[in-house]
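# fold the following for me, if possible:
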Amino acid sequence: MRSIIIICTLLLSFGLANAQAIYDVNLIPKELLPHASAVVRDEQVTIDVKDLDNVIYHVKKAITVLNKNGDDIAHMALFYDKSTIIKYIKGIALNEFGKQIAKFNESDFLDQSTVDGFSLFEDERVKHYIPAITEYPYTIVYEYELKYKQTLNFRNWDPLPETNLSVENSTFTFTCKPDFNIRYKETNVPGKVVTGTNSQGLKTYTWNVKNLKTIKYEPYTPYFDNDFISVKIAPEKFTYYGIPGSFTNWQELGKWDYDKLVASRQELPTETVEHVKDLTKDITDPKLKAKKIYEYMQRKTHYISVQVGVGGYQPFLASDVDHQNYGDCKALVNYTQALLKAVNIESYYCVVESGRNYKVSMLNDFASMQQGNHIILCLPFKNDTTWADCTSQSIPFGYLGDFTDDRTVLACTPNGGKLMHTPKYTAQDNLESRKASFVLIESGELSGTMSTIFKGVDYEDRYSVVNEPHTEQIKKLQEIYPVNNLNIEHVDYKQEKSYDPVTTENIKLQARDYATASDGRIYFFLNPVNRRTNVPEKVMNRKNSVYINRGYTDEEEITYTVPAGYHSEKKLLDYTIDKPFGKFIATMTLDGNKLLYKRNLQVIDGTYSKDTYQDLVDFYQSVVDADGYTVSLVKNP
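Down below sits the predicted model:
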C-alpha cells in the first residue's frame with residue numbers, strides 16, 4: 001500500500017506580487033539563524049472540506065535558503081493521481097534583498113511517474129521543481145492548490161519537518177461543514193487550537209506557531225515524530241474512491257478495510273484450492289501446514305510493486321495473482337490468506353509502518369489510515385502467534401527481520417481491526433558469533449579457517465553474498481573483511497530456515513604479509529575481521545534522549561598459532577566495560593605459541609537519558625581502541 005507522501009516543504013501569506021522587500025534576509029530574527037540552512041519566513045496551509053468527495057488543499061509559502069544544504073528544503077514535489085488534481089502552481093524567486101530575480105509556474109515542473117524501480121505500473125505521478133539558483137541566500141515564494149476527491153486521508157501539518165530548518169511563522173487552518181466531524185492528534189504543539197465559525201457558517205480549526213528555532217541533528221536521536229510538532233486529522237465519515245465509510249477507532253477502521261477492500265478479493269480457482277488441499281493432506285499440525293503453503297506461495301510468485309486500484313490500498317484479486325504469479329505486498333498477503341483459507345487456517349491481513357532505522361508503531365489513541373506503508377500476515381495459532389512477510393522468495397516462514405519487527409500493527413479481521421505487536425529480536429537474539437583458528441608464520445603470512453553464525457536480524461547479513469556466483473562471493477567477502485591481501489580459498493554457506501533461522505558461513509583463507517616482521521619482532525592486528533573504526537561525534541549541550549534502535553551481540557574467539565620462541569613486548573589486551581546500554585569484553589592470553597583472543601560486544605536497544613550520550617561516545621571509543629590493538633611479539637633472547 002502507499003499513502004500520498006509530500007517530501008518537500010511548501011508555500012506564504014502574502015500575494016506573490018507583493019512578495020518584495022519583506023523577505024530581505026536581514027529581517028530574519030537573529031535567534032533563528034544558528035544551525036539553520038533554511039528559514040520558513042511564512043507559511044499558510046488550508047484544508048477546506050467542501051464535500052465528502054471534494055477537498056481543497058491550499059498552500060502559500062516563503063522559504064529563504066541560506067546555503068547549499070538548504071536546497072533540498074526548497075525542492076518542491078507535488079504528487080497526484082486519479083483522486084488528486086493539481087489545480088495550479090506558481091511562484092517567484094528573490095535575492096537576498098527580497099527583489100525578484102525569477103518566476104515559475106506549472107510548466108517549469110518536471111512531470112514523472114513515481115515508479116520506483118520495482119513497480120509494474122502505478123497511478124501516481126509527481127511534479128517537482130528544483131530552483132536553479134547558486135547564489136546564497138535566496139528566497140522562494142510559491143503557492144499551489146490541490147483538489148482531492150476523497151476524505152479518508154488528510155495531510156499532517158508539520159511546520160518544522162526536519163533538522164537545520166527554522167520557522168518564523170506557520171499557520172494551519174482546517175475548514176469543514178458543521179456536520180463534518182473530525183478527530184485530531186496534536187504532538188508538541190506549543191499553543192492551543194483555535195476553533196470557530198467563519199462568515200460562511202463553516203467550522204474552523206486553526207493552529208499557529210512562531211519563531212521556531214532549528215532542531216540541530218544529533219546522532220542516536222529518537223524517532224522525529226516524537227519530538228517534532230505535528231497535527232494529524234482523521235474524519236469520522238468519509239468517501240474514498242467512491243467507497244463510503246466511517247470510523248472513530250481502530251476497530252471500526254480495520255472493519256472497513258477488511259469489508260470494503262479485502263474480503264471480496266480472496267476467491268481462488270477450484271483447481272488451486274484442490275492442489276493446496278492435496279499438498280497438505282498428510283500434514284496434521286496447522287503451523288506446519290501453513291509453512292508448506294507459505295513456501296508454495298514463495299516458489300510460485302514474485303514481488304513487484306503495483307500502486308494502482310483503490311488508492312493503492314486494495315489488493316489484486318487472489319485469482320489474478322494465482323494466474324499471473326506476481327503481486328505487491330497487499331496482493332501477496334491476500335493471496336496467501338486465500339490459500340490458507342482453503343485449508344481452514346485463519347490469518348490476519350495486517351497494516352504496518354515498515355522501516356529499519358526506526359520501529360514506528362500505530363498510535364494507540366488515534367486511528368488513521370496514513371499510519372502504515374506495508375502489509376504483512378499474522379497467523380493467530382493458539383499460544384503461538386506467527387508472523388510472515390510475503391514479499392520475499394527466500395526468508396523463512398515465521399521470520400520478519402528488521403523491516404517490521406517490534407512494532408504495533410493493525411490487524412484487519414472479519415470482526416474489525418485490532419492492534420497487535422510484532423515479535424522483538426533482542427540483543428541476545430541478534431547474534432554474530434565467530435570462531436577462527438589461524439596459523440601465523442614468521443614471514444607474516446596468515447592462514448586458517450573461520451566459521452561464523454548469524455541469528456536474529458543478523459540472519460540476513462549475508463543475503464547479498466549467499467546467492468551470488470562463487471567469484472562474486474569472494475569479491476564481496478574481500479570487501480566485508482578488512483584483511484589486507486585476503487585470499488579466500490574456500491567459502492560455503494548453510495541456511496537453516498527454521499522459526500529461529502541461522503546462517504552459517506565457513507571460510508578457509510590465507511593472507512600474505514598480514515603481519516609485519518622486522519628486527520626480531522612481529523606486529524599484527526589482534527582483531528582481523530570485525531574491527532569497529534568509527535565513534536559517534538561529540539555533541540555539546542545535547543537536547544535529545546539517546547535512542548538505540550536495535551540491540552545486538554557480537555562474539556569472537558580466535559586462536560592463533562604463532563611462531564615459537566616469542567613473547568609479548570607489551571601489556572596483553574584486557575578490556576571490560578559495563579554500561580546500561582552495553583557491555584564490552586576483550587581479552588588476550590599468550591601461552592607458549594598459542595595466542596587466544598576473545599571479544600564480546602553487546603549493545604542493548606532502548607531510550608536513555610541525554611546525559612548518557614557522552615558515556616556512549618566513550619564506550620565506543622574504548623571499543624575502537626581495543627579493536628585497533630596491535631600485537632607486538634619479540635623474539636626471546
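# next, give phi and psi for K579.
Main-chain torsions, K579, degrees, to the nearest 10: phi -130, psi 160.
# wouldn't it be in contact with D615 here?
Yes: between K579 and D615 there is a contact under CB atoms under 8 Å: 5.9 Å. All C-beta spots, glycine's among them, are computed from the backbone N, C-alpha and C.
# just give me the neighbour total for the residue found closest to E537 once you drop the neighbours it is linked to in the chain.
In this structure, E537 finds its nearest non-sequential neighbour in P219, 6.2 Å apart by CB to CB, 6 or more residues apart in numbering. P219 has 15 neighbours, counted by other CB atoms under 10 Å.
# could you pull up the residues touching P219?
P536, E537, V539 (CB atoms under 8 Å, 6 or more residues apart in numbering).
# which of the three states applies to it?
Of the three states, P219 takes coil according to DSSP: H, G, I helix; E, B strand; the rest coil.
# now swap in K570 and tell me
Put simply, K570 is coil when judged by three-state DSSP.
# from A515, how far out is the closest residue to it other than its chain neighbours?
Spatial nearest neighbour of K570, chain neighbours left out: S632 (5.4 Å); criterion: CB to CB, 6+ apart. S632 is 10 Å from A515, where distance means CB to CB, to the nearest Å.
# the more surrounded of the two?
For the pair S632 and A515, the greater number of neighbours falls to A515 (24 against 15), based on other CB under 10 Å.
# the stretch 351-500 of the chain: strands as residue ranges?
374-381, 384-388, 408-413, 416-421, 431-440, 446-455, 486-496 (DSSP state E, counting those that start in this stretch).
# got a markdown table for the ones you listed, with mean pLDDT, distance to V40 and mean neighbour count too?
Putting the strands of the stretch 351-500 of the chain into a markdown table (pLDDT from 0 to 100; distance: least, CB to CB, whole Å; neighbours: other CB atoms under 10 Å) gives the following:
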| stretch | mean pLDDT | distance to V40 | mean neighbour count |
| --- | --- | --- | --- |
| strand 374-381 | 96 | 31 | 21 |
| strand 384-388 | 96 | 41 | 18 |
| strand 408-413 | 98 | 32 | 23 |
| strand 416-421 | 98 | 35 | 18 |
| strand 431-440 | 98 | 44 | 19 |
| strand 446-455 | 98 | 45 | 19 |
| strand 486-496 | 96 | 50 | 14 |
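# so can I have JSON lines of the ones you listed showing distance to R183?
Formatted as JSON lines, the strands of the stretch 351-500 of the chain follow (distance: least, CB to CB, whole Å):
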{"stretch": "strand 374-381", "distance to R183": "24"}
{"stretch": "strand 384-388", "distance to R183": "29"}
{"stretch": "strand 408-413", "distance to R183": "16"}
{"stretch": "strand 416-421", "distance to R183": "15"}
{"stretch": "strand 431-440", "distance to R183": "43"}
{"stretch": "strand 446-455", "distance to R183": "42"}
{"stretch": "strand 486-496", "distance to R183": "46"}
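# so what's the spatially most central residue of the chain closest to, chain neighbours aside?
In the chain, the centroid-proximal residue (CA atoms, centre = their mean) is G355; its distance is 2.6 Å. Residue nearest to G355 in three dimensions, not counting chain neighbours: F403, with 7.1 Å by CB to CB, 6+ apart.
# contacting residues for the one you found?
Neighbouring residues of F403 by CB under 8 Å, 6+ apart: S354, G355, R356, H374, D389.
# and the gap between the second one and T408?
Read that as G355. In this view, G355 and T408 are 14 Å apart by CB to CB.
# try L332
The value you get for L332 to T408, if CB to CB is used, is 22 Å.
# equivalent analysis for A586, please.
Applying CB to CB, the value for A586 to T408 is 38 Å.
# likewise L509?
L509 sits 44 Å away from T408, going by CB to CB.
# ok, L165 next?
29 Å.
# again with K192
Using CB to CB, we find K192 at a distance of 28 Å from T408.
# what's the first helix or strand after the worst-scoring helix or strand of the chain on mean pLDDT?
Least confident helix or strand, the chain: strand 119-122 with a mean of 46, by mean pLDDT, DSSP states H and E. Downstream of strand 119-122, the first helix or strand assigned by DSSP states H and E is strand 125-129.
# quick one: that following strand to chain centroid distance?
With CA atoms, centre = their mean, to the nearest Å as the basis, strand 125-129 stands 23 Å off its chain's centre.
# what of stretch 462-472?
25 Å.
# also stretch 188-200?
With CA atoms, centre = their mean as the basis, the distance from the averaged C-alpha position of stretch 188-200 to the chain average is 33 Å.
# next, the distance between the ends of it.
One end of stretch 188-200 sits 31 Å from the other (CA to CA, to the nearest Å).
# what of stretch 444-462?
Stretch 444-462 end-to-end distance (CA to CA) = 29 Å.
# what about the chain, any weak spots by pLDDT?
Across the chain, the ranges flagged by pLDDT under 70 are 1-21, 114-123, 225-226, 306-311.
# can you do 50?
Low-confidence segments of the chain, defined by pLDDT under 50: 1-17, 19, 117-121, 308-309.
# which residues in it form helices?
Using DSSP state H, the helices of the chain run over residues 250-256, 270-279, 286-300, 318-324, 329-341, 463-466, 470-480, 613-627.
# which one of those is the most hemmed in?
Of all the helices of the chain, helix 329-341 has the most neighbours on average by mean count of other CB atoms under 10 Å, namely a mean of 25.
# how far does that helix sit from the chain's center?
Here the centre of helix 329-341 is set off from its chain's centre by 24 Å, with CA atoms, centre = their mean.
# next one: stretch 273-281
Relative to its parent chain, stretch 273-281 has a centroid offset of 38 Å by CA atoms, centre = their mean.
# for stretch 126-136, same thing?
The answer for stretch 126-136 is 27 Å, by CA atoms, centre = their mean.
# can you pull out the residues in contact with it?
So stretch 126-136 is contacted by 8, 65-68, 71, 74-80, 86, 89, 93, 95-96, 101-102, 104, 106, 108-114, 138, 140 (CB under 8 Å, 6+ apart).
# drop anything exposed from these.
8, 65-66, 71, 74, 76-80, 86, 89, 93, 95-96, 104, 106, 109, 114, 138, 140 (16 or more other CB atoms under 10 Å).
# out of the contacts of F403, the closest to N156 would be?
Within the contacts of F403, the smallest distance to N156 is 16.8 Å, found for G355 (CB to CB).
# quick one on the thing from earlier: most neighbours of all the contacts of P219, which one?
Highest count within those by other CB under 10 Å belongs to V539, 18 neighbours.
# can you get me a residue count around the residue nearest to that residue when sequence neighbours are not counted?
Setting aside the residues directly before and after it, V539 is nearest to E218 in space (CB to CB, 6+ apart), at 5.3 Å. Close neighbours of E218, defined as other CB under 10 Å, add up to 19.
# if I pick E218, what's in contact with it?
Here E218 is in contact with V539, R542, K543, N544, Y613 (CB under 8 Å, 6+ apart).
# dump those to TSV, plus distance to N344.
Shown next, in TSV, are the contacts of E218 (distance: CB to CB, whole Å):
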residue	distance to N344
V539	56
R542	55
K543	54
N544	50
Y613	53
